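Asks: Requesting a structural model of the entry that follows:
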Amino acid sequence: MVFYFSGTGNSLWVARTLAHKLGDEVASLVDYWDEDFWRCDDEVVGFVMPTYMNDVPWLVKRVLENLELTHPRFCYAVMTSSHGKSGQAFTSMDMALQQAGGRLHAGYDVQMPGNCLVSTKEENEERLAAAPVAVAVVADAVKRETCTWRSRAALPPDDFVESSYFYGTHSLRRLTYMKDFEITDACTGCGLCARLCPTCNIDMVDGRAVHGDVCTACYACLHWCPQQATRLKVPFLRDKRFQYHHPDVTAEDLLYE
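Replies: Sure, this is the predicted structure:
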């Protein structure tokens, strides 16, 4: 099985492409968001997700806290990011998998257009053009079960989720300002953003989107809004921002409810 978490469709596209090459299936990690316990019996298990501030998204950490791996012969992670570097992410994945009864055997980076930091359309086109080759390399390595990661056999700390970037509110460490959205008068109340939100953090109130405080910073609401009515308030993230989502993924592919 190839599990994925995706906001703009990058990681979903990678997961689908990888699964096709491996003859495997894909499943959304968000499907297990409300599960107190879930189990995977596959021997080869992959995880595809975006890198958030050089780490695993806090939502993914929380979902993996309740996972049990029963036959984990080979576990791998693929991190998508605008810079093609994952920092702490593989260490976090290894700790999460240790707790689940396995370990990380291999980690791979795939550079893709970013959903947070601004990149040019030319840069995005170059990354999209290079991505199929990068995923093919990952698929070949997974088929051979090539180990690229030396496990540290460490369990997650008590604040594994809570100390994550983008978790919670009222802290620079948690980067609240990067989750500060404004809804412009262009909002028509269609509700697409609410149906795309993986944490059900958006409600429609009097025909307008209202954000809560359980944001995971996937930016699906910003990039998929048909009216471009969702914007970040922070100038350096808002200015020169254009919407992006993977050209081979639709909003319907990512709907959670």
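
Asks: From Cys200, how far out is Val210?
Replies: 12 Å (C-beta to C-beta, to the nearest Å). Using the backbone N, CA and C atoms, a C-beta is placed for each residue, glycine as well.

Asks: and if you look at His83?
Replies: 30 Å.

Asks: Could you do Cys221 as well?
Replies: Taking C-beta to C-beta, one finds Cys221 at 12 Å from Cys200.

Asks: Any stretches of the stretch 151-257 of the chain with poor pLDDT?
Replies: In the prediction, the stretch 151-257 of the chain carries residues with pLDDT under 70 at positions 236, 257.

Asks: wait, is Val78 part of a helix?
Replies: No. The assignment for Val78 (DSSP: H, G, I helix; E, B strand; the rest coil) gives strand, which keeps it out of a helix.

Asks: Val234 contacts Leu175, doesn't it?
Replies: No. Counting by C-beta atoms under 8 Å, Val234 sits too far from Leu175 to count as a contact (10.0 Å).

Asks: So which of these two has more stuff around it?
Replies: Neighbours were counted for Val234 and for Leu175 using other C-beta atoms under 10 Å; Leu175 has more, 18 against 13.

Asks: is it true that that one touches Met53?
Replies: Yes. Leu175 is within contact range of Met53, at 7.2 Å (criterion: C-beta under 8 Å).

Asks: May I see the buried residues of stretch 145-163?
Replies: Within stretch 145-163, the residues that count as buried by 16 or more other C-beta atoms under 10 Å are 149, 151, 156, 160-161, 163.

Asks: Dump these into CSV; add distance to Pro226 and secondary structure as well.
Replies: Shown next, in CSV, are the buried residues of stretch 145-163 (distance: C-beta to C-beta, whole Å; DSSP: H, G, I helix; E, B strand; the rest coil):
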residue, distance to Pro226, secondary structure
Trp149, 41, coil
Ser151, 44, coil
Pro156, 39, coil
Phe160, 37, coil
Val161, 33, coil
Ser163, 36, coil
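
Asks: Between these, which sits nearest Ala194?
Replies: Closest approach to Ala194 among the buried residues of stretch 145-163 (C-beta to C-beta): Val161, at 23.5 Å.

Asks: which residues sit in contact with that closest one?
Replies: 58, 61-62, 65, 167 (C-beta atoms under 8 Å, 6 or more residues apart in numbering).

Asks: what about Asp253, how many neighbours?
Replies: Number of residues near Asp253 (other C-beta under 10 Å) recorded here: 15.

Asks: With distance to Met95 added, can I get the buried residues of stretch 145-163 in CSV?
Replies: Listed next are these as CSV, based on distance: C-beta to C-beta, whole Å:
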residue, distance to Met95
Trp149, 12
Ser151, 9
Pro156, 4
Phe160, 7
Val161, 11
Ser163, 12
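
Asks: from the residues you listed, which is closest to Arg103?
Replies: Nearest to Arg103 out of those is Ser151 (C-beta to C-beta; 4.3 Å).

Asks: helix, strand or coil for Thr146?
Replies: Thr146 ends up coil, using three-state DSSP.

Asks: my guess is Leu59 contacts Tyr32, does it?
Replies: No. Counting by C-beta under 8 Å, Leu59 sits too far from Tyr32 to count as a contact (10.4 Å).

Asks: Tell me which of the two has more neighbours.
Replies: Remark: of Leu59 and Tyr32, Leu59 carries more neighbours, 25 against 18, as counted by other C-beta under 10 Å.
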